Structure formats: C-alpha cells, structure tokens
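K.L.:
Show me how the following folds:
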Amino acid sequence: MERARPGNAEAQPGGARSQANRRKRTATYVLVHGGAHGGWCYQRVARILRSAGHKVYTPTLTGLGERAHLVGPAVDLDLQIQDITQGLRYEDLSDAILVGHSYGGMVITGAADRAIDRIGHLVYLDSITPYNGESLADIAPELMAAARAQGKVVDGVELVLFPGTEPIPNYGVTDPEDIAWLQSKLTPHPYKCFDQRLRLENEEQLWKIPQSQIVCTSTLPYRDPERMKLAQEAGRVWDIDTGHDLMITEPRRVADLLLRLASV
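P.N.:
Model prediction:
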C-alpha cells in the first residue's frame, strides 16, 4: 500500500515529467458522486484533470443536486446506475476511467456491469466495493441505520442525509468556508437507493476491469482486504490522510493519483 503525499515533481509518478508524458494520450474520466452530493463536488478535481488535457464528465444522479426536483418514488439504485450508463452511451464514451465516491461505488459497479465495453478502469474513491446481491445498507448497516433514524418522509418518499444530519459530520470537511459551501449544496437522498440490492449480470467480465482504490487513511483498519484484493494485487491502493470528502479537502492529491491512471 502506498501513502499519497507531496514530493519531488520529477520523482513522483504524478509529477511534472510523467504528467507531460501522459498528455500525449487524452483520457476520459467520469466522476460519480456519493450520497446527498452532486457533480458539483468534483469541481476542483475536474479543473485539474482538464488542465492536464483530459476529458472529464461529472454527472449528477437523478433526484440530487441540480436534479433534486426530479426526486420521486421511482428513484432507486437501478435508476441512478442508468443515469451513468445512458451518459456513457449518449456521449459515445469508451475506455472511460469510471470513478465512484462513497455510495458512488455501488453505482459505478452496476454501470460497469451493464456497459463493460465502455469502461477501461474502475476507481473506488473512499467507497465500498460491492458484491452481487448486496445493498449499501447490507455493507454499512450502522451508518445507514444512523442516517435513516434522522430521515423524513416527504411527499411519499423516504429521504435521508438532510444537510447537517449525516452520520459523518460534514463528511470530514473541516475548513469553515468549505463547510458552508458543502452545506449549501447538499440535498437529501432517497433511502430506497441505499436499500436496493445490486444486480450484476456480467461478473466474470466485470472483475477483469482494472481497479484502483483511493481511500482515507482513517478507514483502512475497517476495510475488508478481500474487497480491495484486485487493486492491491496491481499495486494501486493509495491512502490519503484526510476526511471522507477527499475530492474537496485534497483535490490535488486525488487528481494526481487519477492522472497516474491515464497511462495504465
């Protein structure tokens, strides 16, 4: 396992020399957010990746962020997976580096299973790596129970993760300005998405897709090594000593690690 830390630009795989080499190949990144967030949370990371010459997409899942007005009883994990597969199809994307943060790990796993030929790499960004038949509530029962306890039913839809009620206070963000920005954009998430079990139909091909894991250092003792095995065997498990929303708190380190994958 490798700790992500700043250092000499020439020596670091994410440094100036290697980044210059990678600009010869334009990579395509699709950055999928987690619960209660939206594509907006990747603004800082996306800016860095685009400045290095790569294509970056930051879709917002149905019912969240600027698409919160679409929330309703039909919004579940399957629909949010379809958000990504439809985006891949209509943008004519291939060999995409598909990144999922937190709950987004459920979404990118399902999307890759349904769009195998469009995915070149899977990146689990402080997220879970689910197996077939699992829900987020199955994998993280205590966290989801805590979130559900503070939820509300609005217009017939059970919603959780209202701003200020998340089990991880401010998602690990500590800077006051960042907290204010975060809280102004968070939207509650339909609990149905977290309770629905993932359905995989192409597992053999799915688990052949290269994987990387970028995790918060504090979560390492609680992670199942088996779920990180594919990334570990490839030497692509990296940890960053920061809070859960690492794309907000450490965008440069996250972007530098993602840039390494442009040449994998």
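K.L.:
which residues sit against the helix ranked longest in the chain?
P.N.:
Longest helix in the chain by number of residues, with DSSP state H as the criterion: helix 77-90. Helix 77-90 is contacted from outside by 30, 32, 57, 59, 61-63, 93, 96, 98, 106-108, 110-111, 114-115, 118-119, 135, 192-194, 196-199, using Cβ atoms under 8 Å, 6 or more residues apart in numbering. Just so you know, the C-beta spots here come from the backbone N, C-alpha and C atoms, and that holds for glycine as well.
K.L.:
Select from those every entry located in strands.
P.N.:
Of the positions in these, 30, 32, 57, 96, 98, 119 sit in strands, assigned by DSSP state E.
K.L.:
how far away is the first one from Pro190?
P.N.:
When you say that, I think you mean Val30. 22 Å (Cβ to Cβ, to the nearest Å).
K.L.:
In terms of neighbours, single out the busier of those two.
P.N.:
Pro190 (29 against 24; other Cβ atoms under 10 Å).
K.L.:
List phi and psi for the more buried one.
P.N.:
phi -60, psi 130 (degrees, to the nearest 10).
K.L.:
before we move on, back to that, quick check, nearest of the ones in strands among the contacts of helix 77-90 to Thr165?
P.N.:
In terms of Cβ to Cβ, no member of the ones in strands among the contacts of helix 77-90 lies closer to Thr165 than Val32, at 22.7 Å.
K.L.:
my guess is the closest one meets Val99, correct?
P.N.:
Yes. Val32 is within contact range of Val99, at 6.3 Å (criterion: Cβ atoms under 8 Å).
K.L.:
When these two are compared, which one has more neighbours?
P.N.:
Val32 (32 against 29).
K.L.:
Leaving out the residues flanking it, which one is nearest to the more buried one?
P.N.:
Nearest residue to Val32, sequence neighbours excluded (Cβ to Cβ, 6 or more residues apart in numbering): Gly104, at 4.1 Å.
K.L.:
picking that back up, out of the contacts of helix 77-90, which end up buried?
P.N.:
30, 32, 57, 59, 61-63, 93, 96, 98, 106-108, 110-111, 114-115, 118-119, 135, 192-194, 196, 198 (16 or more other Cβ atoms under 10 Å).
K.L.:
How about the contacts made by Lys185?
P.N.:
Lys185 touches 37-38, 40-41, 65, counting by Cβ under 8 Å, 6+ apart.
K.L.:
Surely Thr187 is in a helix?
P.N.:
No. Membership of Thr187 in a helix is not supported by DSSP: H, G, I helix; E, B strand; the rest coil, which gives coil.
K.L.:
Without its sequence neighbours, what residue ends up closest to it?
P.N.:
Closest residue to Thr187 in three dimensions, ignoring its sequence neighbours and counting by Cβ to Cβ, 6+ apart: Ala68, at 4.4 Å.
K.L.:
ok, now how distant is the residue nearest to Val32 from Met247?
P.N.:
10 Å.
K.L.:
Ala146 sits in which helix or strand?
P.N.:
helix 141-149 (DSSP states H and E).
K.L.:
Report the buried residues of that helix.
P.N.:
Quick answer for helix 141-149 (16+ other Cβ under 10 Å): 144, 147-148.
K.L.:
likewise stretch 123-132?
P.N.:
By neighbour count on 16+ other Cβ under 10 Å, the buried set for stretch 123-132 is 123-130.
K.L.:
Okay then, goodbye and thanks.
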